[in-house]
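Trainee: sequence first, predicted model second:
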Amino acid sequence: MFKTLARLSGILSLCATLAAPAMAEEQAEVRIGTDGGYLPWTAITPEGKLTGFDIELAELVCERMERKCRFTTQPWEGQIPALEQGKYDIVIGGIAITPERQKRLSFTQSYANLPINFAAPKAAGLNGKANWDELRAALVGKTLGVQSGTQSQKFMDNELKGDVTIRLYDNQDSLNLDLLAGRIDAALAGRSPWIALTKTEQGRPIEILAPDLDYRQFKYLGVGVGGLMRKDEDALRKAWDTALCKLKAEGEVKSISEKWFGFDISVAADPKICGA
């Protein structure tokens with residue numbers, strides 16, 4: 001009997017030992033890369049704390065996955081190389097889902113969507129154009145700013161290169177400063193940073209220009225934003241998507257977007273991932 005108990009104890013001990021690495025892997029820390037300078041998606045408070053729509057959403061996803069997540073800030077242009085080198089497990093921060101990026105990397109399901117817009121001083125008289133052709137004609141010959149490595153830069157290169165002077169910026173804050181200082185005539189970014197800027201005292205002279213520019217007219221702009229991962233992260237992507245399905249169903253994504261943007265930018269649950 002004692003030999004049987006000893007043998008059973010040994011087997012249980014072996015099973016526990018074998019299970020430990022799997023459990024450790026399952027509960028491993030999720031390393032998240034983000035910009036930290038793209039309000040209201042991500043931002044850093046004066047106290048040095050990360051905040052914003054994407055940060056709050058990611059924190060809820062981590063809770064649902066029962067995983068500890070660690071955030072690291074880095075300028076956008078270095079995030080994809082760092083992701084591919086294994087520095088991060090996922091990158092977030094208003095990242096557009098595009099066919100070009102999907103060739104190299106993998107995305108979670110889309111959870112939000114906003115157009116991109118030009119912004120300019122109200123005194124410039126550039127607003128009120130009925131369509132992109134009218135606005136484009138008004139921008140020819142001007143100096144325009146855009147954050148490097150973004151879909152907005154791609155738009156600028158595709159639609160205006162050679163007809164305007166393009167200045168590239170490392171982050172949205174630097175772009176805002178030059179726009180406010182009059183060092184550029186107009187700037188292009190996702191609509192959300194302009195909403196944030198125009199709500200501030202110093203941003204009152206700035207206005208968001210019509211029309212909205214999005215994937216319906218320019219297919220290369222993508223169909224919304226998602227978390228960006230390496231293709232070998234299937235388990236994490238599925239876990240992240242499962243959490244997003246729950247958060248969408250609970251109205252949490254809608255609630256967070258209304259908090260940060262003032263209106264609902266959430267995207268409906270993907271039926272292929274979340275079910276009907």
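Mentor: On my side now, so go ahead. Residues are numbered from 1 along each chain as shown.

Trainee: strands of the stretch 1-150 of the chain, residue ranges please.
Mentor: Along the stretch 1-150 of the chain, counting by DSSP state E, counting those that start in this stretch, strands occupy 30-34, 37-38, 42-44, 50-51, 69-73, 90-91, 106-107, 116-121, 143-147.

Trainee: and for the spatially closest residue to L180 that is not a sequence neighbour, the neighbour number?
Mentor: Spatially, and ignoring its direct neighbours in sequence, L180 is nearest to Q202 (6.0 Å; C-beta to C-beta, 6 or more residues apart in numbering). Where C-beta positions appear, they are placed from N, C-alpha and C, glycine not excepted. When neighbours are counted by other C-beta atoms under 10 Å, Q202 registers 10.

Trainee: ok, Q202 to R183 distance?
Mentor: Noted for Q202: a distance of 15 Å to R183, by C-beta to C-beta, to the nearest Å.

Trainee: again with L139
Mentor: As judged by C-beta to C-beta, L139 and R183 stand 16 Å apart.

Trainee: neighbour count: these two, which is higher?
Mentor: Taking neighbours as other C-beta under 10 Å, L139 and R183 compare with L139 leading, 23 against 11.

Trainee: could you say which helix or strand holds the residue nearest to L180?
Mentor: Secondary structure assignment for Q202, by DSSP states H and E: no helix or strand.

Trainee: run through the stretch 1-150 of the chain and note the low-pLDDT ranges.
Mentor: By pLDDT under 70, the low-scoring segments of the stretch 1-150 of the chain are 1-27.

Trainee: quick one on the thing from earlier: distance of the residue nearest to L180 relative to K129?
Mentor: 25 Å.

Trainee: one step back: can you redo the strands of the stretch 1-150 of the chain as JSON lines with distance to Q79?
Mentor: As requested, these are exported to JSON lines (distance: least, C-beta to C-beta, whole Å):
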{"stretch": "strand 30-34", "distance to Q79": "5"}
{"stretch": "strand 37-38", "distance to Q79": "11"}
{"stretch": "strand 42-44", "distance to Q79": "11"}
{"stretch": "strand 50-51", "distance to Q79": "14"}
{"stretch": "strand 69-73", "distance to Q79": "10"}
{"stretch": "strand 90-91", "distance to Q79": "5"}
{"stretch": "strand 106-107", "distance to Q79": "14"}
{"stretch": "strand 116-121", "distance to Q79": "19"}
{"stretch": "strand 143-147", "distance to Q79": "12"}
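
Trainee: of those strands, which is nearest F263?
Mentor: strand 116-121 (14.6 Å; C-beta to C-beta).

Trainee: run through who's touching the closest one.
Mentor: 126-127, 135, 139, 144, 151-152, 155, 179, 182, 185-191, 194, 197-198, 205-210, 212-214, 221 (C-beta atoms under 8 Å, 6 or more residues apart in numbering).

Trainee: go on, stretch 224-244?
Mentor: Applying C-beta under 8 Å, 6+ apart, the set of residues contacting stretch 224-244 is 30, 58, 60-61, 64-65, 67, 80, 83-84, 86, 89-92, 94-97, 101, 104-114, 253, 267, 269-270, 273-274.

Trainee: let's go with 6 Å and repeat that
Mentor: Residues outside stretch 224-244 that contact it (C-beta atoms under 6 Å, 6 or more residues apart in numbering): 61, 64-65, 89-92, 94-97, 105-113, 267, 273.

Trainee: and it, C-alpha only, in PDB?
Mentor: Extracted in PDB, the C-alpha atoms of stretch 224-244 (Å, rounded to 0.1, in the frame of the first residue of the first chain):
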ATOM      1  CA  GLY A 224     -10.300  50.300 -38.800                       C
ATOM      2  CA  VAL A 225      -7.700  49.900 -36.100                       C
ATOM      3  CA  GLY A 226      -6.500  46.800 -34.300                       C
ATOM      4  CA  GLY A 227      -3.700  45.400 -32.200                       C
ATOM      5  CA  LEU A 228      -0.600  44.400 -34.200                       C
ATOM      6  CA  MET A 229       1.200  41.100 -33.600                       C
ATOM      7  CA  ARG A 230       3.700  38.700 -35.200                       C
ATOM      8  CA  LYS A 231       2.100  35.900 -37.200                       C
ATOM      9  CA  ASP A 232       3.500  33.300 -34.800                       C
ATOM     10  CA  GLU A 233       1.400  34.700 -31.900                       C
ATOM     11  CA  ASP A 234      -1.800  32.800 -32.700                       C
ATOM     12  CA  ALA A 235      -2.600  31.900 -29.000                       C
ATOM     13  CA  LEU A 236      -2.300  35.500 -27.800                       C
ATOM     14  CA  ARG A 237      -4.300  36.800 -30.800                       C
ATOM     15  CA  LYS A 238      -7.100  34.400 -30.100                       C
ATOM     16  CA  ALA A 239      -7.100  35.200 -26.400                       C
ATOM     17  CA  TRP A 240      -7.100  39.000 -27.200                       C
ATOM     18  CA  ASP A 241      -9.900  38.600 -29.700                       C
ATOM     19  CA  THR A 242     -12.000  36.500 -27.300                       C
ATOM     20  CA  ALA A 243     -11.600  39.300 -24.700                       C
ATOM     21  CA  LEU A 244     -12.600  41.900 -27.300                       C
END
